[in-house]
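[1] sequence unknown, structure follows:
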C-alpha cells in the first residue's frame, strides 16, 4: 500500500523556496540594500531622538498622556510612572527606547499598509477571497520562519526585525478594517448612496468614520503582536529589551531575564491600555 | 404631468435570471420559482405612473417587494428587466455620473430606521446631501439650519442623533431629505419604527407639509390606515406584483380581489369613508312646482315618511313629513311653504363617517349631504351601518 504514497518522489518544495528567496534577494538587491541602509539610519534617528529626551521628561509626558486618555484617572498614570521609573532604575532605558522604536515603526507601517488592504478586502469580494488565506498563512506560520528571508533580504539588525514583525503583526489591522467597513449598517450605506455620494465620499465620510473604533481595536492587536515579536526579532540582531531577554536565556541568568521581561510587560500594558482607551474614545 | 413612469419592471435576486424570466412568463408563482430554482423574485412585472405632486403610497406586507421597488426608483437596486423613466429620461440606462446628479438634485430618501450618521451632529447630518455636492460651508449651514427650523428642531442642531427621541430623529431624517430641495421624496416605511401616537402626528405633519411644498412623494408602508390617511393613490402589492392601484376610496369600496378585500377588512372605515361614499340618491320635491299632494304620492310610492324639499336649483330648503302633508291636503293647502320643516341636519360631502355618527344619532330624518347648499344626496342610518360592516359599493347601491 505504501507504494501508492511513494508514487511521487519527494517534491523539491524547500529547494524551490530557497531558490525563490535567493532569486528575490539577488534581483531586488538594488532595492533592499538602500531600504536597509536608510531605514537603519531613520530608526537610529528615532532612537537617538527618544534618548535625547531626558528620561524624567519622557516619563512625565507618558504620564500626562495616560492621565488624559484614561479620563483623568490615576491608576494608569501611577502605573506608567512607576513602571517606567523601574526600567530606568534597572539601567534598561536605552534598550527600552530601542524597543519602542521597533514597535512604533512596525506598527505604523502595519497601519499604513494594512488599512488600505482592509478597505480593498471590504470593497472587493475577489480581493477578500484571495487575501483571507494569505492572512491566515501569515498569522499561523511560526514567526521564526520569517526571520530567514528577513535576514536574506535585509541582513541583520533592526530592519529585518521590523520586516518580520510587520508580516506577523499586520493581519489584525487588515482584518478589522475589513470587518469594520462591512459592519456599517446597510441603511447608512444606502443613505450615503441615496444622497449621491461618490465612492470616495461614501468611504471617507461614512464608512471609515463608522469603522474607526473597530479599526482601532485591530490596531491595538497589531501593536501587541509587534511587541510580542521583540524577543524573536532580537535573534537577528534587533537591539532592545528583547536582546537582553535572549542573552539572559543563553547565559541562564534568571534575574536579568526577569528584569528585562518585566520591562517588556510594563511597556505592553502601557501601550495596550492607552490604545484601548483611544479606541473607546472613538466609539463616542 | 407624469413624473415617474415604471414600465414592466422586474427584479430577480440571484443568478439564472433568464430561466426565471421564462418561468415568470409561464405565470408561475413566486413560491414555485423559489422552490424550483432557489431564486427570489423581488418585483414581478410592475407598471404604473406617478404624477407630479401626488402622494403615491406603495403598500404591502413584508416580502411583497415594496422596499425593493422603491429602491429601484433611485437605483439603490438595479432592475433586472424593464425601464423606469424620470421626467421622460430612462433611469435604468443612466450612467453613474448622471445617476449621481439625479440622486443629489432630484430625489431624496427617508429611511425606516432613520439612517442618521451617528458620528455627525444633527446639523452635519442635515448638511450631508449639500456637503457632497461641494456647496460651501456657509451656504449649506444656512440651508440645513433652515430645514431643521422648519421641522421644529432649531434647538437641537448641535446634538448627536442618539440624544434625540425616535420621532425627532425621523424629523431630522425628513429635514435632511428636504434640505437639498428635491422634487421627489422616497419614504421607505418612514414612520413604521415610531410609536402609534408619534406616528399619527408625523402623518399629519407630512400631509400639512405636502400642502405647502408640493413634492412628489412615494411612500412605502405596510399599514393600510397610514396609506389611506396620506395617500392620493395607493398601489397594493403582493408577492412582487401590484394587485390594485387606486384612490383610497376605490381600494376600500371596490377591492380588486380577495387579497385586497381581506386587507381592507380591518380598516377603521369610519375614518376613511366620507359622506360622499355612503350617500344615496335623494327623493325630492320642488317647492316651486309641487304641493302636498305630490309630496304625499311620492312618499307613498317610495315607502318613506318624510321627503326632502328643494328649489329650482336643487338648493336644500327643508323637508316635509307625511303626516303634515296629509293634514295639509285635507285643509286644501296647495303650497309646501307652510308645512316645511327646517330642522334637517346637513353634512358636507367630505365629512368623514366618524363625524356623521354624532349628527345622525339624534335625528329621525335622514341626513342631507350638501355641496355649497346644493343637495347632492342623503344618508340613512342603514347605509352607515352597512358601510361600517364593510359591504362594497355595489351591495350598498342594491339596497
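    All right, it came through fine. Computed from a predicted structure; not experimentally measured.
[2] Where does the residue in the stretch 201-350 of chain B positioned nearest to chain A sit: helix, strand or coil?
    Minimum separation of the stretch 201-350 of chain B from chain A (CB to the nearest CB) falls at residue B:218, amounting to 12.6 Å. C-beta coordinates here come from the backbone N, C-alpha and C atoms, glycine included. Counting by DSSP: H, G, I helix; E, B strand; the rest coil, the backbone at residue B:218 sits in strand.
[3] Pretty sure it sits against residue B:183.
    No: in this structure, residue B:218 is not within contact of residue B:183 by CB atoms under 8 Å, at 11.5 Å.
[4] What is the end-to-end distance of stretch A:8-17?
    End-to-end span of stretch A:8-17 (CA to CA, to the nearest Å): 19 Å.
[5] And the helices in the stretch 151-300 of chain B?
    With helices called from DSSP state H, counting those that start in this stretch, the stretch 151-300 of chain B shows them at B:166-179, B:196-213, B:224-230, B:248-253, B:258-265, B:275-278, B:292-302.
[6] Give me the more crowded residue out of residue B:218 and residue B:183.
    residue B:218 (25 against 17; other CB atoms under 10 Å in any protein chain shown).
[7] thinking again about what came up before, Throw the helices of the stretch 151-300 of chain B into CSV and include mean pLDDT and distance to residue B:90, thanks.
    Putting these into CSV (pLDDT from 0 to 100; distance: least, CB to CB, whole Å) gives the following:
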stretch, mean pLDDT, distance to residue B:90
helix B:166-179, 90, 24
helix B:196-213, 87, 27
helix B:224-230, 87, 29
helix B:248-253, 84, 30
helix B:258-265, 80, 31
helix B:275-278, 79, 39
helix B:292-302, 85, 59
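[8] Looking at those helices, which is nearest to residue B:116?
    Residue B:116 lies closest, by CB to CB, to one member of the helices of the stretch 151-300 of chain B: helix B:166-179, at 5.9 Å.
[9] Just want the angle from the closest one to helix B:196-213.
    With axes from the mean of the first three to the mean of the last three CA atoms, to 10 degrees as the basis, helix B:166-179 and helix B:196-213 are set at 20 degrees to each other.
[10] what helices or strands is helix B:166-179 leaning on?
    strand B:107-110, helix B:122-131, helix B:137-150, helix B:196-213 (3 or more CB pairs under 8 Å, 6 or more residues apart in numbering or on different chains; DSSP states H and E).
[11] Next up, the contacts around the nearest residue to residue B:351 once chain neighbours are set aside.
    Residue nearest to residue B:351 in three dimensions, not counting chain neighbours: residue B:275, with 4.7 Å by CB to CB, 6 or more residues apart in numbering or on different chains. Shown in contact with residue B:275 (CB atoms under 8 Å, 6 or more residues apart in numbering or on different chains): B:347-353, B:356, B:367, B:369, B:377, B:379.
[12] again, only this time at 10 Å
    When contacts are counted by CB atoms under 10 Å, 6 or more residues apart in numbering or on different chains, residue B:275 touches B:346-353, B:355-356, B:359, B:367-371, B:376-379, B:384.
[13] winner for burial among the helices of the stretch 151-300 of chain B?
    helix B:166-179 (a mean of 24; mean count of other CB atoms under 10 Å in any protein chain shown).
[14] and that one, how far out from the chain's middle?
    22 Å (CA atoms, centre = their mean, to the nearest Å).
[15] okay, the angle between it and helix B:137-150?
    Using the same axes, to 10 degrees: helix B:166-179 against helix B:137-150 is 130 degrees.
[16] In stretch A:182-189, which residues are buried?
    Applying a neighbour-count criterion of 16 or more other CB atoms under 10 Å in any protein chain shown, one finds A:184, A:187-189 buried in stretch A:182-189.
[17] Find the centremost residue of chain B, please.
    Nearest residue to the geometric centre of chain B (CA atoms, centre = their mean): residue B:231, 2.2 Å.
[18] Quick one: classify the closest residue to residue A:148 other than its chain neighbours as helix, strand or coil.
    Nearest residue to residue A:148 in three dimensions, chain neighbours excluded: residue A:21, at 7.7 Å (CB to CB, 6+ apart). Under three-state DSSP, residue A:21 falls in the helix class.
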